[in-house]
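Asks: My questions concern the predicted model and sequence given below.
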2 protein chains.
Amino acid sequence: MAPVGAALWRSLRAHQVYGANTDVGKTIVSTVLCNAIQRQNQKAAFLKPVSTGALDDADDRHLHRYAGGTLTKCLYQFDEPVSPHIAAKQKTIPRDDDLLASIHKTLSGWAQSNIDFALVETAGGVHSPGPNGNSQADLYRPLRLPIVLVADSRLGGISSSISAYESLLLRGYDIQSVLLFRDEYYKNHEYLHDYFRNKSIPLVGLPAPPTRPAELDASSQSRDEEAMATYYGKVSQESDISRLLEEMSLKNTERVQRLEEMADRARDVIWYPFTQHQGMQAKDITVIDSAHDDYFQTFGTERSTSSSQLQPTFDGSASWWTQGLGHGNPELSLSAAYAAGRYGHVMFAGAVHEPALSLADRLLQTIDNPRFTKVFYTDNGSTGMEVAVKMGLRAACARYGWDASQEQVSILGLKGSYHGDTIGVMDCSEPSTFNQKVEWYRGRGHWFDFPVVKMTGGTWKVEVPEDLQTDLGLAQEFASLGSVFDLDQRVESPTGRRYKDYIRRTIEDLVHRQGMKFGALILEPVILGAGGMLFCDPLFQRCLTDVVRDHPELFSAKGSSPKQSPSWSGLPIVFDEVFTGLYRLGRRTAASFLGVHPDIAVNAKLLTGGLIPLCTTVASQEIFDSFSSPEKSDALLHGHSYTAHAVGCTVAVDSLRAMAKLEGDGSWDGYRADWRGSNPVRGEMSAPDVWSVWSHGLLQDLSSAQSVESVFALGTVLSISLRDAQGGGYTSTAAKGLQQRLAVGGDQFNVHSRVLGNVLYLMSSVTSKPESLREMEALLRSALL
Amino acid sequence: MAPVGAALWRSLRAHQVYGANTDVGKTIVSTVLCNAIQRQNQKAAFLKPVSTGALDDADDRHLHRYAGGTLTKCLYQFDEPVSPHIAAKQKTIPRDDDLLASIHKTLSGWAQSNIDFALVETAGGVHSPGPNGNSQADLYRPLRLPIVLVADSRLGGISSSISAYESLLLRGYDIQSVLLFRDEYYKNHEYLHDYFRNKSIPLVGLPAPPTRPAELDASSQSRDEEAMATYYGKVSQESDISRLLEEMSLKNTERVQRLEEMADRARDVIWYPFTQHQGMQAKDITVIDSAHDDYFQTFGTERSTSSSQLQPTFDGSASWWTQGLGHGNPELSLSAAYAAGRYGHVMFAGAVHEPALSLADRLLQTIDNPRFTKVFYTDNGSTGMEVAVKMGLRAACARYGWDASQEQVSILGLKGSYHGDTIGVMDCSEPSTFNQKVEWYRGRGHWFDFPVVKMTGGTWKVEVPEDLQTDLGLAQEFASLGSVFDLDQRVESPTGRRYKDYIRRTIEDLVHRQGMKFGALILEPVILGAGGMLFCDPLFQRCLTDVVRDHPELFSAKGSSPKQSPSWSGLPIVFDEVFTGLYRLGRRTAASFLGVHPDIAVNAKLLTGGLIPLCTTVASQEIFDSFSSPEKSDALLHGHSYTAHAVGCTVAVDSLRAMAKLEGDGSWDGYRADWRGSNPVRGEMSAPDVWSVWSHGLLQDLSSAQSVESVFALGTVLSISLRDAQGGGYTSTAAKGLQQRLAVGGDQFNVHSRVLGNVLYLMSSVTSKPESLREMEALLRSALL
């Protein structure tokens, strides 16, 4: 099923009519508006997607009768005047996606037929269930039509109107106008007028419609019809109504104009991250009107007044690797809103609140590393890694007795690592395009080159860099990705022994011959993200941690024997799981792929499902204890204003719970099954849980394509290395062509993707619909095969 | 008026009954619950704070009649069955605060009378206005009683029930149970049962009550009463109800137990920011149950079962200087929720969305510095300052032709400066307690000592450090703080000339004799926060910027003449306004106090009113242009995942709008008037806009207190330096006593405050109520005078 785009046209002003409750007069308001539109010599149309109740009473018929000339349409008609989810039990139910698609198609048709104004009327109140039982406010959200809210003029109507407004607002709807009947006893219109004026939303009070007689015989029916006709004739002339229509029309125009100018204006005032602005043109800037599920709704360059101005664009980088549970997720919005309402933000030094404590507990449980006892909060991966570095260095300096203000203490890492943009963690990476021009960058470490995992020509391989082949051996082939991760077996193999031997010798040389001092081993387990989606042979990372821990003597002065320790040995091991952790690779931790328990781990991005910035640095008791002293100045003197931000922590608790549910309820079994078929080694039972949302067949096909150098996928990540005669790297443009091809997209949607040099990667959330992914795969096949 | 504490007792289970709409049967549900409670041999009580409608129909009477034995009370009775805000027009209206205080007092009394269970029934729906026209959901929020929501069983009731639930949730209420009548036709209870089960909220469906006859004569009334009595007799025995009551009781117990254990548990799993954990005890940790307006609701150590377990505690550090518009601000919660619903988070590289663009525009307008054209987004002050440093250094290196990878380029700053916790910006401060033990800290700069502004003995003074007195002169007295800021006059004075001369000579020495290179001047304008609330003589900062700009030759190789530039001269000037900007000191920018337009400025904290982490680094076109090149690698390669976070930007736009409104609508005129009286120099008209929410009289009194060394106040900040025989500084404990005294508080509330060595500071939001501030002042007087 194709995703449905948000609905916006230049010529057609389409609105959705929601009621604050049932029976507040939505259809009468619609009829008034359609009458008034026609009075302005414009064409009106009325769409009732789902109607319940007796056929002759149907709302589109009412429109037809009292706003003659209005084009009316009902997509699904049910007879009983009950909630659509009950009425729908009677007959075939349209799927929600089909219903949305039909609405979009109808409106598009109307736009092309030069209709000026269309109303899409909902049934009941904002949260009244649609045919499949989902709240209408959620169901219709992908269209994100501007809202005409019909408020409730009855006793209690102030409350139900404001609550309905809030329910719409927290789903990201724009409420453009409020109408209700004037009731001089309850005077809801007066209260609500002031209320909505404060929100800059115009409210129009209408005269109450004529009372319908209790029993309708032929004559009373005709009297009723006459009274209604008179009512409409009178009301639709009211100046308030025509003013409101003009305002609505103006808002539509202004919205399109704003979308048109945004890219230009952004180029003027925005300094973009990671962006060379020279030569950047407005057309290079994607204008995002809103987002839902896996899709941005982006403004097109389509200038035809009758074409839809917005289209769904797959968020192919999961918004810089953050997204897990979909954009505009109403559950997470509510979590955030609840915490904002309960706490706002409360300072954390010397204090505790439920979300911070719950998250700490849940996170320790999720990561399930017996070493970990302490959680330190920061705002983002970069700051969380700064904290990790401070922790690791302090523990090592304390153990080895170094005075780091006098001597350089470095870190051990891998080439191509990246840990964030603040200068301290930039220093944890070797010189590269990212940091070499940063004035205060001073790389402080040694970075191992390493063998990489990739699929080429349909076969999984571990490839060894040329200059390491003497030490580490030649490339190896594997029957499956699972067998690459069969580390308990591989670590005992000749390759494992070669890896370890090489690592040990290298460190020995660095420390005992070159005189370097190391304070931490810092790794992005499994995949090095920003460095170019480098899939490190997990055996190499495993051997690195084994050597560090098994040979503490490597790191102390020659001949001295380092203190014994109950937990860490050699060096504190820091895992940067900002990118790879919390289900990004299909598992709770990337560490579990290596079978290693680090001493410090950093998580961010998916931690909050991708909604709110938050980062955790989790550490072992012993690391923590190295800051313990009677001196305040020995403490970890780090802390951001929003440390343990209650809103972020609340959303994180709910995100982790939601992801754990998916992990447990079999949601990913289809993907697992696909990969198990390609993973025959050592029997099903013992095969490591290695799978991806991207189908194994796709990988095999792409890896044989002419323009493709290699591919891999793991969890939600798909990486495609394009051949580049110039050798690739961050400044390569080899992937540009594929990126442009995806940006054009297919019939259903465009794709917003990011490239790292000659690598184009795609990333889904953990809730992406299989249909979306298969459509993405079709796009990739058509682009590359 | 004293702030009202949140309501929680050990013995008394108090709940608030909200209805999804009017006429959903709140009172019947209350009666059922009170009956059932008594059936369990427990004591029930029922409070109707505000009742409207005919007296004999009043809800407390209904309770009295059908749940005999229930203690009932109504605080305010109005006759007409309309919304209380209309009914209230008839007679004297209780103030919202009085109403809350009465409720709290009533419940406290009941807790002391061993009542087990109390219900506080609202009127109408959740947003039905209270007597003063404010929504009940907002009005009653400070009590934050757990909610019994009576859902709506009628057609449309699914929607109104869910919307009501959402409105409560986004104000931070805990909804503990949902009850509604079973209606076998609409079956709302079935739908809602599933809906709330997903939220772990129990829902109980009740049999519908007997239908009341349309007209009540004596005999039908007695039949009606009999039918009701029978109904209650039957329903209150239902096992669902007793189970629900047990659950509610258990939740109350668990909530208290959780609050009791939180401090202990936090000590186990939380690694606190800026905290030495050795010796830290659970009792040192404040347990925050929620927050509202300026107050945390903190858990007391009160063990008596009949005393309130929560008390209001003034957030005296404005939660690390972030708060501007109050905790749990419903407008900002809604802004956040809207953006979460519309976007979630969307990536920003190569894209633009409305909140990011609107905020950039509004911020440029707010700061109103003609140099500024570009806005760069990060997550917090520290990362924003890292960006500022990268910007400044690049511009300077480009102009002066330095290769910073080969030579050390430093910054110019002030002693005691602090710009954040990441290592790069730590390097911008001189060695101090904060950074000296950070292994990778390498201070890179020169930091001027400077004269400070303070009030002692009732007089404003500028004091010069002893070893600078030869160069800068002796202390000076001023008739008002306004005259200290009369910089256009002071800069031309002999003191101004001495300052400039000293600064010029110092830089000349550093550069041309010591061979240092400088890449930026970095200042916290007016007040250096973390360094100990150091109020720098604004003249000194002004002279520093003047000298840097007027003498570009100081910074280039001797004899060479630096390139001409349309904007910056000498060095890029960076203002760190993370703490001081956006109304913290009463003005939009701290720069305006100096009359200086910096080239780069950083804002955070108040930017979002203190709700969501967000930071902006704003720069001039020329700074921006220094990264422009055909090479991507010359770009500012910095960017966090949540760059231009749509939720944060939306909240920021609304916060800036709200603060600008306060600035413009005279909200602070009372404070201004108080300070103008103490600010006679040069006439009212030309006196700079210098004022504080803290009264000038308080300053004068405190500054003469024996234990006080000096004080100052500006905008929302009050700083009190306590005398310390040991000389003060970060490790001083001189302010501990005052801090402890404030923590005990007065009759009305406790105070959570932070100290920086011998300095205790207090900070309000920009919306703090004058009554709260005056009460704080009374506390200070009683502690110090």
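Replies: It's in. Residues are numbered from 1 along each chain as shown, chains lettered A, B, ... in the order given.
Asks: tell me which residues of stretch A:743-751 are tucked away?
Replies: Buried residues in stretch A:743-751, counted by 16 or more other Cβ atoms under 10 Å in any protein chain shown: A:Gly745, A:Gln748, A:Phe749, A:Asn750, A:Val751. From N, CA and C alone the C-beta is placed, and that goes for glycine too.
Asks: Mind putting these into JSON lines with pLDDT and secondary structure?
Replies: What follows is the buried residues of stretch A:743-751, written out as JSON lines (pLDDT from 0 to 100; DSSP: H, G, I helix; E, B strand; the rest coil):
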{"residue": "A:Gly745", "pLDDT": "88", "secondary structure": "coil"}
{"residue": "A:Gln748", "pLDDT": "86", "secondary structure": "coil"}
{"residue": "A:Phe749", "pLDDT": "91", "secondary structure": "coil"}
{"residue": "A:Asn750", "pLDDT": "93", "secondary structure": "strand"}
{"residue": "A:Val751", "pLDDT": "95", "secondary structure": "strand"}
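Asks: between those residues, which is closest to B:Gln42?
Replies: Nearest to B:Gln42 among those, counting by Cβ to Cβ, is A:Phe749 at 59.7 Å.
Asks: Kindly provide the distance from the closest one to A:Pro3.
Replies: To A:Pro3, A:Phe749 is 6 Å away according to Cβ to Cβ, to the nearest Å.
Asks: what touches both of those two?
Replies: Common neighbours of A:Phe749 and A:Pro3 are listed as A:Tyr295, A:Pro312, A:Ser772 (criterion: Cβ atoms under 8 Å, 6 or more residues apart in numbering or on different chains).
Asks: Output the longest helix belonging to chain A.
Replies: Among the segments of chain A that qualify as a helix by DSSP state H, the longest is helix A:239-269.
Asks: thinking again about what came up before, nearest to A:Asp701 among the buried residues of stretch A:743-751?
Replies: Scanning the buried residues of stretch A:743-751 for proximity to A:Asp701, where the rule is Cβ to Cβ, the winner is A:Val751, at 18.2 Å.
Asks: what's that closest one in contact with, if anything?
Replies: Taking Cβ under 8 Å, 6+ apart as the definition of contact, the neighbours of A:Val751 are A:Thr313, A:Phe314, A:Gly316, A:Leu742, A:Ala743, A:Gly745, A:Leu762, A:Met776, A:Leu779.
Asks: These in strands, which ones?
Replies: Cross-referencing those against strands under DSSP state E gives A:Thr313, A:Phe314, A:Leu762.
Asks: Name the residue of the stretch 501-650 of chain A that lies nearest to chain B.
Replies: A:Gly639 (2.4 Å; Cβ to the nearest Cβ).
Asks: residues touching the residue lying closest to that residue once chain neighbours are set aside, list them.
Replies: Distances taken as Cβ to Cβ, 6 or more residues apart in numbering or on different chains place B:Pro273 nearest to A:Gly639, at 2.4 Å, with adjacent residues excluded. Taking Cβ under 8 Å, 6+ apart as the definition of contact, the neighbours of B:Pro273 are A:Phe348, A:Ala349, A:Phe376, A:Tyr377, A:Leu636, A:His638, A:Gly639, A:His640, A:Thr643.
Asks: Can you tell me the closest non-neighbouring residue to the first one?
Replies: This points to A:Phe348. Counting by Cβ to Cβ, 6+ apart, A:Phe348 lies nearest to A:Ala644, which is 4.1 Å off, once chain neighbours are set aside.
Asks: Ok, the third one next?
Replies: By the measure of Cβ to Cβ, 6+ apart, the closest residue to A:Phe376 outside its immediate chain neighbours is B:Trp271, 4.0 Å from it.
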